[in-house]
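# Attaching a predicted model along with its sequence, questions to come.
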Amino acid sequence: MAKGSIVRLEAIDQGADMAVGDGPPPRAGPPGTRGVAILRLLARSREPLGVNAIAREIGIVPSTCLHILRALVAEGLVAIERGSKRYRLDAGVLTLARSALRQDGFSRQTQPELDALASNFPVTAIGVRVIALKHMIVVALSRAEASFRPHVDIGSRFPALISATGRCLAAFGHYSDAEIERAFRALRWDAAPNYKAWRTEVAETRRTGIGIDRGNYIRGVTIAAAPVFGIEGRMTHGLVAVAMSAQLGAGDAAAIGAELKSAAARVSAQLGGVDSTTT
């Protein structure tokens, strides 16, 4: 591969929603809820969908589905392909996403920390927002200048308990053992750890405040993460460093983890969170 090649982590987005057992979208509720369900369905789909297919997946009659779709089209959130009369997401979704990121205190506080990590180590540094045990969303990132580097985009979603960040969430998310095991059993890894070994690593994460994934999620990739806490001492966000394992020197993983933990503690304090790693 040529210098500057990017190793894209396609596994991050593949089946992210289904992998955590989200199940089908809500089958009842007000139009706003159904509109959100339609947007999520179109976001998951790899190709545009027709009215009947959307209605079937959402669990509503086609006429109601068409009414909601027309409203979403009028707002620029959904576009219709005139030839096939199928629907896909439109650029208005990006406008909303950019506005959300501008208003997000976590993204603003995190960016300088991520830039420093990417300057000091050969990593892609990422800030994620945790959505319960469903998934995590990338809301900030910084990339090191490296010959080979993992690549992820703002807005990428992946299963909540996967990789190093998942170990942090299991340790500091305040979820029951039953909830955690059920979500874990639905995950897909390149080299999956068995549940007992993974729980041992979660216990170590709780002790050290740092989660490490050495090639489980994606072979040849080392991922470190540290939790960012909300006011109740529950993990709400995470700082993550993703690196090609072959590019890390002796002691780099430990140094990256320590820097992540310090950065996450600073961000937690700036956001008014209670750092559970020190209690």
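That came through fine.
# for the residue nearest to residue 192 when sequence neighbours are not counted, helix, strand, or coil?
Nearest residue to residue 192 in three dimensions, chain neighbours excluded: residue 216, at 6.7 Å (CB to CB, 6 or more residues apart in numbering). C-betas here are computed from N, CA, C, even on glycine. Secondary structure, DSSP: H, G, I helix; E, B strand; the rest coil: residue 216 is coil.
# chain center to stretch 234-243, what's the gap?
Remark: stretch 234-243 is offset 9 Å from the chain centroid, using CA atoms, centre = their mean, to the nearest Å.
# Report the rounded mean pLDDT for that stretch.
Here stretch 234-243 scores 93 as its mean pLDDT.
# repeat for stretch 259-272
The predicted model gives stretch 259-272 an average pLDDT of 91.
# Any chance you could give me that stretch in CSV, C-alpha atoms only?
Extracted as CSV, the C-alpha positions of stretch 259-272 are listed here (Å, rounded to 0.1, in the frame of the first residue of the first chain):
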residue,chain,number,x,y,z
GLU,A,259,-3.2,10.3,28.5
LEU,A,260,-6.8,9.3,27.6
LYS,A,261,-7.6,8.9,31.3
SER,A,262,-6.2,12.3,32.2
ALA,A,263,-8.0,14.0,29.2
ALA,A,264,-11.3,12.3,30.1
ALA,A,265,-11.0,13.5,33.7
ARG,A,266,-10.5,17.0,32.5
VAL,A,267,-13.5,16.9,30.2
SER,A,268,-15.6,15.3,32.9
ALA,A,269,-14.7,18.2,35.2
GLN,A,270,-15.4,20.8,32.6
LEU,A,271,-18.8,19.4,32.0
GLY,A,272,-19.7,19.1,35.7
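# And the helices in the stretch 1-150 of the chain?
Using DSSP state H, counting those that start in this stretch, the helices of the stretch 1-150 of the chain run over 16-19, 31-44, 51-58, 62-74, 92-103, 105-120.
# Start from the N-terminal end of the stretch 151-279 of the chain and give the strands.
Remark: strands assigned in the stretch 151-279 of the chain by DSSP state E, counting those that start in this stretch are 157-159, 211-214, 221-229, 235-244.
# export those to a markdown table and tack on distance to residue 131 and mean neighbour count?
Formatted as a markdown table, these follow (distance: least, CB to CB, whole Å; neighbours: other CB atoms under 10 Å):
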| stretch | distance to residue 131 | mean neighbour count |
| --- | --- | --- |
| strand 157-159 | 8 | 25 |
| strand 211-214 | 18 | 22 |
| strand 221-229 | 14 | 28 |
| strand 235-244 | 10 | 26 |
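# Identify whichever of the ones you listed lies nearest to residue 122.
strand 235-244 (5.8 Å; CB to CB).
# Distance to residue 194 for the strands of the stretch 151-279 of the chain - can I get that in JSON lines?
Output for the strands of the stretch 151-279 of the chain, formatted as JSON lines (distance: least, CB to CB, whole Å):
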{"stretch": "strand 157-159", "distance to residue 194": "17"}
{"stretch": "strand 211-214", "distance to residue 194": "15"}
{"stretch": "strand 221-229", "distance to residue 194": "19"}
{"stretch": "strand 235-244", "distance to residue 194": "23"}
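# Of all those strands, which one is nearest residue 270?
The closest approach between residue 270 and any of those, judged by CB to CB, belongs to strand 221-229 at 9.6 Å.
# for this structure, what are the low-confidence residue spans?
Low-confidence segments of the chain (pLDDT under 70): 1-31, 97-105, 146-150, 278-279.
# in it, which helix has the most residues?
Scanning the chain for the helix with the most residues, using DSSP state H, yields helix 252-270.
# so that one versus helix 105-120, what angle?
If you take axes from the mean of the first three to the mean of the last three CA atoms, to 10 degrees, helix 252-270 sits at 150 degrees to helix 105-120.
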